[in-house]
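**Student:** pasting the sequence and the predicted coordinates here, then a few questions.
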Amino acid sequence: MKLTSVLLGLCMAASVAVNASTLSSYAHLYDGLPFDMPVIDKPVFPANTVSLTDFGAVADGKTLNTEAFANAIDALAAKGGGTLNVPAGIWMTGPIAMKSNINLHLDGGALILFSPDPDLYPAIYTVYEGYEAYRAISPIYGEDLENVAITGDGVIDGNGAAWRQVKRDQMTPPQWRRKIKSGGILVNDNVWYPSQDYIDGEKIRECEDGIAKLKAMTKEEAEAIKRFIRPVMVKLVNCKNVYLQGVLFQNSPAWNLHPLMCENLIIDGVYIKNPEYAQNGDGLDVESCKNVIIYRSTLDVGDDAICIKSGKDEDGRRRGIPTENVIVKDCRVFQGHGGFVVGSEMSGGVNNVAVSDCQFIGTDVGLRFKSTRGRGGVVKNIFIDNINMLDIVGEALLFDLYYWVKNAPKTIPPVDETTPQFRDITITRVSSFNSGIPVKFNGLPEMPIENIKVSNSIFTAQKSGLLSESTGIVFDNVDITSASGAAMTINNCSNATLTDCKFTSPAEEKILYTGKNKNVKVK
């Protein structure tokens, strides 16, 4: 009897352990995950539900419903939280301040349209592009919250065209004519600005110490260049248990979604869209976050699409919070500067990231890892599998440690805390057809790109590939076809092994060796 009781107790304990691991709707994403990561799930909200119309909101596309949103959220918060239901219609509003335990839910046909009036968006001290400074408050904003969600089948539109500058050659002639007729300021018949304060802000940034001046600005000085410090559309800072599901997020003034220092973040089935010409029109910038799932989502944007960051230079190193434990699965990207991107603001480090089953079609770069001297930070333990790419304009696979560098120094600087590192990255089953360049590894001589393994992959491209300033590189069963020049140039590399690879090009020498290479083996 006692033995039976003990065995029954052990079985029950085992059952509880199994059930705990399968309670999450996303538990299946952890199968075969090559690093330890807590199993997370979407937050649960109290059963309280209110409608936006209960608070006097009007869906005519012109009535300002800022107060109605605020009152509805406050009423729910007073009850301990719940769901704010936004019915079908066009709901014009100013900024929406999220609170803990609130689910902002959009019915099908619901469109939240943010007012273009800059006076509604006061400057607050926050983080953008990796450094701390004043920025116009985001249309949707929350800080130090727990259990926050934006869900449903509706649309959130940031009215970004009223904030961004645009160049003539970025638009079609009809688009440009409509832009000119909308007002604003035209400079040299080539660049359209929404206002003079944008031009004033741009002049400050273009100064030799422009970033330092922007960082040192007072709130009043920042308010004077409000259009230039245009906001990220959705910004959630230091929040826990964040869930974004189903909604179309579009037309942001700057970046579209920017979770910063968040923990337990799930982004599932969203559509993130910006015009191709949107200045700084990133799709998703996950910065210094922990335990993240990005799943079944589509992006079509004007800058980097799915981007992993952790702060910039001294500000990022001082914060010292990496982005870690990230699953990216079953996503697709159309326009964008990069499909999946790490950097260039990665000064706090990035580790434990798994990217799989994604498609990138027509992006400027496919898999993009970028940084530069001065950043510091370590990017490691990245695992990429089953990525299919078509018509990538530039590099299908890029490691670039000279991001935004015009003239490299003649002398090699010493390695210190400002030296960025990319190492221990595994890439398998990548297929890329008709890219500009198949692969490009461009490391630093003082800190080569290290321990990158690419296997069971195929690349066809117009130009040659490059392995430069890299060590411990392994290519296993990789097929590279170049329409011009050598298929691959190897420059200043050490301890590289290329096994069962096929290189096809019109050049007599399929692999070109330059610089000083050491222990490079082609088997």
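**Tutor:** Perfect, thanks for sending it.
**Student:** would you indicate which residues of stretch 62-70 are buried?
**Tutor:** 65, 66, 68, 69, 70 (16 or more other Cβ atoms under 10 Å). In this view, the C-beta of every residue, glycine as well, is placed from N, C-alpha and C.
**Student:** give me the neighbour count for residue 322.
**Tutor:** When neighbours are counted by other Cβ atoms under 10 Å, residue 322 registers 24.
**Student:** what's near enough to touch it?
**Tutor:** Counting by Cβ atoms under 8 Å, 6 or more residues apart in numbering, residue 322 touches 288, 310, 348, 349, 350, 351, 377.
**Student:** how far away is the nearest residue to the fourth one once chain neighbours are set aside from residue 286?
**Tutor:** Read that as residue 349. Nearest non-adjacent residue to residue 349, counting by Cβ to Cβ, 6 or more residues apart in numbering: residue 322, 3.7 Å away. Going from residue 322 to residue 286 by Cβ to Cβ, to the nearest Å gives 11 Å.
**Student:** can you check residue 501 too?
**Tutor:** 33 Å.
**Student:** more crowded one of those two?
**Tutor:** Neighbours were counted for residue 501 and for residue 286 using other Cβ under 10 Å; residue 286 has more, 24 against 21.
**Student:** tell me which residues touch residue 127, please.
**Tutor:** 237, 260, 287, 311, 315.
**Student:** in helices only, show me the residues you listed.
**Tutor:** Judged by DSSP state H, these include residue 315 as members of helices.
**Student:** neighbour-wise, give me the winner out of the contacts of residue 127.
**Tutor:** Most surrounded of the contacts of residue 127: other Cβ under 10 Å gives residue 311, at 31 neighbours.
**Student:** my guess is that one contacts residue 323. True?
**Tutor:** No - contact between residue 311 and residue 323 fails when scored by Cβ atoms under 8 Å: they sit 9.5 Å apart.
**Student:** between those two, which contacts overlap?
**Tutor:** Here residue 311 and residue 323 share the contacting residues 287, 288, 348, scored by Cβ under 8 Å, 6+ apart.
**Student:** any idea how far the first one lies from residue 173?
**Tutor:** If you measure residue 287 against residue 173 using Cβ to Cβ, the figure is 38 Å.
**Student:** hang on, the earlier thing: among the contacts of residue 127, which lie within strands?
**Tutor:** Among these, the residues falling in strands (DSSP state E) are 237, 260, 287.
**Student:** okay, the residues you listed in a markdown table with pLDDT and distance to residue 393 next?
**Tutor:** Formatted as a markdown table, the ones in strands among the contacts of residue 127 follow (pLDDT from 0 to 100; distance: Cβ to Cβ, whole Å):
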| residue | pLDDT | distance to residue 393 |
| --- | --- | --- |
| 237 | 98 | 34 |
| 260 | 98 | 30 |
| 287 | 98 | 26 |
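**Student:** now those residues as JSON lines including distance to residue 114?
**Tutor:** Formatted as JSON lines, the ones in strands among the contacts of residue 127 follow (distance: Cβ to Cβ, whole Å):
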{"residue": "237", "distance to residue 114": "19"}
{"residue": "260", "distance to residue 114": "20"}
{"residue": "287", "distance to residue 114": "22"}
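**Student:** for those residues, which one is nearest residue 81?
**Tutor:** Closest approach between those and residue 81, by Cβ to Cβ: residue 237, at 19.0 Å.
**Student:** hang on, the closest one packs against residue 261?
**Tutor:** Yes - checked against Cβ under 8 Å, the pair residue 237 and residue 261 is within contact range at 6.1 Å.
**Student:** the strand or helix carrying residue 133 pairs with which strands, parallel or anti?
**Tutor:** Applying DSSP states H and E as the criterion places residue 133 in strand 131-136. Using DSSP bridges, the strands paired with strand 131-136 are strand 123-128 (antiparallel).
**Student:** how far off centre is the partner strand?
**Tutor:** Going by Cα atoms, centre = their mean, to the nearest Å, the spacing between the C-alpha centre of strand 123-128 and its chain's C-alpha centre is 18 Å.
**Student:** same question, stretch 393-412
**Tutor:** With Cα atoms, centre = their mean, you get 20 Å for stretch 393-412.
**Student:** which strand in the protein has the most residues?
**Tutor:** strand 421-435.
**Student:** partners of the following helix or strand past that strand, with directions?
**Tutor:** Counting by DSSP H and E, the next helix or strand C-terminal to strand 421-435 is strand 437-442. Strand 437-442 sits in its sheet next to strand 395-400 (parallel), strand 465-468 (parallel), going by DSSP bridges.
**Student:** and the contacts of the longest one?
**Tutor:** What that stands for is strand 395-400. The contact list for strand 395-400 (Cβ under 8 Å, 6+ apart) reads 338, 365-371, 389, 422, 427, 430, 432, 435-443, 449, 452, 454, 459, 461, 470.
**Student:** over to the shortest one?
**Tutor:** The set of residues that contact strand 465-468 without belonging to it, under Cβ under 8 Å, 6+ apart, is 437-443, 459, 473, 480, 482, 487-493, 496, 515.
**Student:** mean confidence score for stretch 409-417?
**Tutor:** For stretch 409-417, mean pLDDT rounds to 93.
**Student:** whoops, stretch 382-396 was the one
**Tutor:** For stretch 382-396, the per-residue pLDDT averages 98.
**Student:** buried residues, it. List them.
**Tutor:** Result for stretch 382-396 [16+ other Cβ under 10 Å]: buried residues 382-390, 392, 394-396.
**Student:** now do the same end-to-end measure for that stretch.
**Tutor:** Using Cα to Cα, to the nearest Å, one end of stretch 382-396 lies 17 Å from the other.
**Student:** ok, what's across the strand from the one residue sitting closest to the centre of the chain?
**Tutor:** Nearest to the mean C-alpha position of the chain, by Cα atoms, centre = their mean, lies residue 307 at 2.3 Å. Beta-bridge pairing for residue 307 (DSSP bridges): residue 285, residue 341.
**Student:** surely it is in contact with residue 281?
**Tutor:** No - Residue 307 lies out of contact with residue 281 (Cβ under 8 Å); the separation is 11.6 Å.
**Student:** what about the strands in the stretch 251-400 of the chain?
**Tutor:** All strands of the stretch 251-400 of the chain, identified by DSSP state E, counting those that start in this stretch, fall at 257-260, 263-268, 271-273, 284-287, 290-295, 298-300, 306-309, 323-329, 332-333, 338-342, 350-361, 365-370, 378-390, 395-400.
**Student:** among those strands, which comes closest to residue 185?
**Tutor:** Checking the strands of the stretch 251-400 of the chain against residue 185 by Cβ to Cβ gives strand 271-273 as the closest, at 26.8 Å.
**Student:** show residues contacting that closest one.
**Tutor:** Contacts of strand 271-273 (Cβ under 8 Å, 6+ apart): 247-251, 256-257, 283-284, 297-301, 305.
**Student:** need the CA coordinates for stretch 109-123. CSV is fine.
**Tutor:** Output of stretch 109-123 as CSV, limited to C-alpha atoms (Å, rounded to 0.1, in the frame of the first residue of the first chain):
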residue,chain,number,x,y,z
GLY,A,109,-13.5,47.2,-39.0
ALA,A,110,-12.1,49.3,-36.2
LEU,A,111,-9.4,51.8,-37.1
ILE,A,112,-7.6,53.9,-34.5
LEU,A,113,-6.2,57.0,-36.3
PHE,A,114,-3.8,59.2,-34.4
SER,A,115,-4.1,62.9,-34.9
PRO,A,116,-1.3,64.6,-36.8
ASP,A,117,-1.3,67.6,-34.4
PRO,A,118,2.2,67.8,-32.9
ASP,A,119,0.9,69.8,-29.9
LEU,A,120,-0.8,66.6,-28.7
TYR,A,121,2.5,64.8,-28.3
PRO,A,122,4.7,66.4,-25.6
ALA,A,123,8.4,65.7,-25.4
